[in-house]
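Novice: here's a sequence, model it:
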Amino acid sequence: WLLGRIHSGFEMRTLLLILFCALQAGGAIVNWTNTPNQWPYSSGDTVRLWGKFETAFVITNSGTVGNPTTFQFQPGCYFTRSNWYDGGQSAAIYGSGLSYVNINGQGVGYIEATNNGTALAYQVDNTGFKCAGCNNITVSGLLTSNLYVRTPDSTNDANSFGTGVRFTGSTSDIVINQCTNSYSATGFQIQYRVGNSNFVISSNYARHFVIAAVVGSETGGSTLTNVQIFNNDFAEGRAFSGHPDLHFNCIHVYSVQSGNSLTGVRVYNNYFHGDWGAYNTSLAFIEGYFTEPWVYNNVFHTEGTIGGGNGMLVFKQGSKAKVFNNTFVGFTNGTEGAFNAIKYTTWVGTETDSVVTNNLFFWCNFAVYDTPYTTITASDNNLFYPNTTLFRAVSGGSKDYAAWQTAGFDASGTTNRPVFASAYTLDSADTAAIGQGVNLTALGITTDRFGNARPSSGAWTIGAVEGGEEPPAPSSVTRSIRTGKRSATGKVVWQ
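Specialist: Numbering: from 1, shown residues only. Here you go, the predicted structure:
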């Protein structure tokens, strides 16, 4: 109809000019099926990905403020190959120097390797999505799997291969949200250099890893402000266990080189759990030249019987760590766990001014384990069960609860047994933890692990969950993960 209305070369030129201006302004829909095509995309455009991609592609064009370039996986779209190693960037999707780009898997798009692992044809490092020196990038709803399928409890495979989502170089304003990773050494990694800020790792799900999420300095002099790690569910299942050279954590946040600094770290509302097998390091490990990280409303639950050499939550070096309203469960299958709950340690100098408040410790080995070079400023309103839980105070040596109180800690603490309705949620009939905590509203904490409001006045519940609530209904987004198991034909199957 439109072409039938065009009667002159002037009208045709006008139409082409309008189309050109629309494309320049962005907002176009571009469709790629099985391989990138030659249609030019620009700021504000959405590139829809369809079908099966077997070759890697490089993102070349950035977006702008308010007009990001978006790559959107459509139902049935996936990237698959034996592995993504190519001697270069070795990633299924790669970009460098980008800004204002969104990668949206929509909970259905995935990247996989099909033949890379301990007992498979290849043993090489590769990555799902990688961006170097990028800013204002969001990766959401992306599934990455089988980038390295390691044989569980292998004693001769020390390969720390495979990363689901990785940012390197100087990066700021990075968001990794609602992504799923299974069978790779690292799930989500963000590195930083001088003057970087604003990292968010939220609502992600990871299984079968060495470290689920890493935030770390890349060079000497690297500085980072504002890191938020929240609402994640990270659990290991022994896939990478068995070798002493692997550093196991749900999260590892570090700033360890000369001239580094790390401020504004907030770790909250996470569920860190699983059976780690041998050589576990910790569930959460924060180390280096950090100042005042806050760790609150998290659940730490060890589901294995082999203890680690550190603790569920470890602070190494740094100062002013704040630990509020967490639940530490070291009780598995009717057996007392061998895990320490919180451990402080240093490699040089002292670690000072830590505060421990409103935490629930259930069947832990040492509830608080520090060194002569650590200063705990305050510890109170915590619950320690049983009363045989041990402590290691500044003066050195093991202490029982009475000696811990004599040292000036937990005057308002308790050793009464909590009543649980599930692995870590309290029964509504509980009186040991419910209503026994101090109110921390003045610190800006207003909700519990599930987002339920805590009282604005009056007593709080000790631990991550305010009291008597069951977990919310599962998300409507199904988090399918690949197990690495293969049928007789070699096809990867869902579980």
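Novice: how near is the residue nearest to residue 439 when sequence neighbours are not counted to residue 416?
Specialist: Counting by C-beta to C-beta, 6 or more residues apart in numbering, residue 439 lies nearest to residue 460, which is 5.5 Å off, once chain neighbours are set aside. Quick note: C-beta positions are derived from backbone N, CA and C, even for glycine. In this view, residue 460 and residue 416 are 16 Å apart by C-beta to C-beta, to the nearest Å.
Novice: quick one, which of those two is more surrounded?
Specialist: Comparing residue 460 with residue 416 by neighbour count (other C-beta atoms under 10 Å), the higher total belongs to residue 460, at 25 against 15.
Novice: pretty sure that one contacts residue 437?
Specialist: Yes: taking C-beta atoms under 8 Å as the definition, residue 460 is a contact partner of residue 437 at 3.8 Å.
Novice: quick check: neighbours shared by those two?
Specialist: Counting by C-beta atoms under 8 Å, 6 or more residues apart in numbering, the contacts common to residue 460 and residue 437 are 325, 358.
Novice: tally of neighbours for residue 375?
Specialist: Look at residue 375: counted by other C-beta under 10 Å, it has 14 neighbours.
Novice: per-residue confidence for the residue nearest to residue 439?
Specialist: Among the per-residue scores, residue 460 holds a pLDDT of 98.
Novice: who are the contact partners of it?
Specialist: With C-beta under 8 Å, 6+ apart as the criterion, the residues that contact residue 460 are 325, 358, 435, 437-440, 454, 466.
Novice: so which of the residues you listed are in helices?
Specialist: With helices taken from DSSP state H, there is no overlap with the contacts of residue 460.
Novice: any of the residues you listed buried? List them.
Specialist: The neighbour-count test (16 or more other C-beta atoms under 10 Å) applied to the contacts of residue 460 identifies 325, 358, 437, 439-440, 454, 466 as buried.
Novice: surely residue 246 is in contact with residue 210?
Specialist: Yes: using C-beta under 8 Å, residue 246 is in contact with residue 210, at 5.1 Å.
Novice: now the helices for this structure?
Specialist: Across the chain, reading from the start of the chain, the helices by DSSP H fall at 9-25, 401-406.
Novice: quick one: end-to-end distance for stretch 142-154.
Specialist: Taking C-alpha to C-alpha, to the nearest Å as the measure, stretch 142-154 stretches 29 Å from start to finish.
Novice: ok, now stretch 453-465?
Specialist: Terminal residues of stretch 453-465 are spaced 10 Å apart (C-alpha to C-alpha).
Novice: pLDDT wise, what is residue 408 at?
Specialist: As summarised for this prediction, residue 408 has a pLDDT of 89.
Novice: I figured residue 185 hits residue 149, correct?
Specialist: No: between residue 185 and residue 149 there is no contact under C-beta under 8 Å: 11.1 Å.
Novice: and these two? Which one has more around it.
Specialist: Taking neighbours as other C-beta under 10 Å, residue 185 and residue 149 compare with residue 149 leading, 28 against 23.
Novice: check contacts around that one.
Specialist: The neighbourhood of residue 149, defined by C-beta under 8 Å, 6+ apart, consists of 116-120, 183, 239, 484.
Novice: tell me what it is bridged to.
Specialist: Beta-bridge pairing for residue 149 (DSSP bridges): residue 117.
Novice: burial of residue 65, as a residue count?
Specialist: The burial count for residue 65: 9, using other C-beta under 10 Å.
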